[in-house]
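> Sequence below, structure please.
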Amino acid sequence: MTMAQRPTLEEVARRAGVSRATVSRVVNGSTTVAGPIQEAVRRAVAELGYVPNLAARSLVTHRTDSIALVLPEAATRVFSDDHFFPGIIRGVSRELEAADKQLVLMLAGSPAGHARVRRYTTGRHVDGVLFASLHGADPLPGTLAGLGLPVVCSGRPLGEGAVPYVDVDHAGGVSRAVAYLIDSGRRRIATIAGPQDMVAGIDRLAGYRDTVTAAGLPALIGYGDFTRDSGAAAMRDLLD
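Got it, this is the predicted structure:
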């Protein structure tokens, strides 16, 4: 069947013996239509192989059933041997699939990428936006939230703002790890800190510094960017 031969709402309505408006309400999930009529419409939809026009339905429901996952990283970083990003994408995709929603993956590793994300999301092509791997005091989450889009961040954003987020206690976790090493008799405890434009890198380093300083131990710090190569280079520097 070609696109020109796709069944229409009118054809479904004739098959079900109801009005076009009734078919539209059933297809768009309305609960105000009587059960037998809903069943007749669904049967006609199945028999004709009717597929709703998503663009037209969005105009009626003001919903796209799509959620954007925005990663402010370059494509070479996201699609590398780093298991962090595939894990995020896999987890988000699994949850959205369970909710019958569509994932829209967007990379924003450059100013042009930020502008593209803003144009797309503010054009109401998605119902909400999830950010992960934020760098610096990125204004984009707050900008989108200020325009009325539902926004949530994986990781606490840097700077002031009221954008909701989900995160772990980076400083507390590192402090407990260092305290364990101290309690087991270690006195030369090094760390490889993450990038200092990300909350995870900043808070983990703070937890390390506070704990070794309180114990009267020297701070031995290497710096990386959460990549395997940077970690290996930092370890070589520490050992040297």
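> how about the helices in this protein?
In the chain, helices defined by DSSP state H lie at 9-16, 20-27, 35-48, 54-61, 75-78, 84-98, 111-122, 140-146, 170-183, 199-214, 228-239, listed in chain order.
> Could you list the buried residues of the shortest one?
If I follow you right, that is helix 75-78. Judged by neighbour count using 16 or more other CB atoms under 10 Å, the buried positions of helix 75-78 are 77-78. The way it works is simple: take the backbone N, C-alpha and C, and place the C-beta from them, glycine included.
> what's the nearest residue to residue 230 if we skip its chain neighbours?
With CB to CB, 6 or more residues apart in numbering as the measure, residue 224 is the residue that lies nearest to residue 230, at 3.5 Å, once sequence neighbours are left out.
> The one you found: neighbour count?
18 (other CB atoms under 10 Å).
> wait, what's in contact with it?
With CB atoms under 8 Å, 6 or more residues apart in numbering as the criterion, the residues that contact residue 224 are 192-195, 230-231, 233-234.
> will you turn those residues into CSV that also has pLDDT?
Supplementary listing: the contacts of residue 224 in CSV, determined by pLDDT from 0 to 100:
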residue, pLDDT
192, 97
193, 97
194, 95
195, 95
230, 94
231, 95
233, 97
234, 96
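> Filter the residues you listed down to the buried ones and hand me the ChimeraX line.
Applying 16+ other CB under 10 Å to the contacts of residue 224 leaves a buried subset, and the ChimeraX line that selects it is:
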select :192,193,194,195,230,231,234
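> Nearest to residue 7, out of the contacts of residue 224: which one, please.
Sorting the contacts of residue 224 by how near they are to residue 7, with CB to CB, puts residue 195 at the top with 53.9 Å.
> pretty sure the closest one contacts residue 231?
No - taking CB atoms under 8 Å as the contact criterion, residue 195 and residue 231 are not neighbours in contact, 11.9 Å apart.
> which outside residues touch stretch 88-99?
With contacts defined as CB under 8 Å, 6+ apart, stretch 88-99 is touched by 67, 69, 71, 102-103, 105, 130, 132-133, 154.
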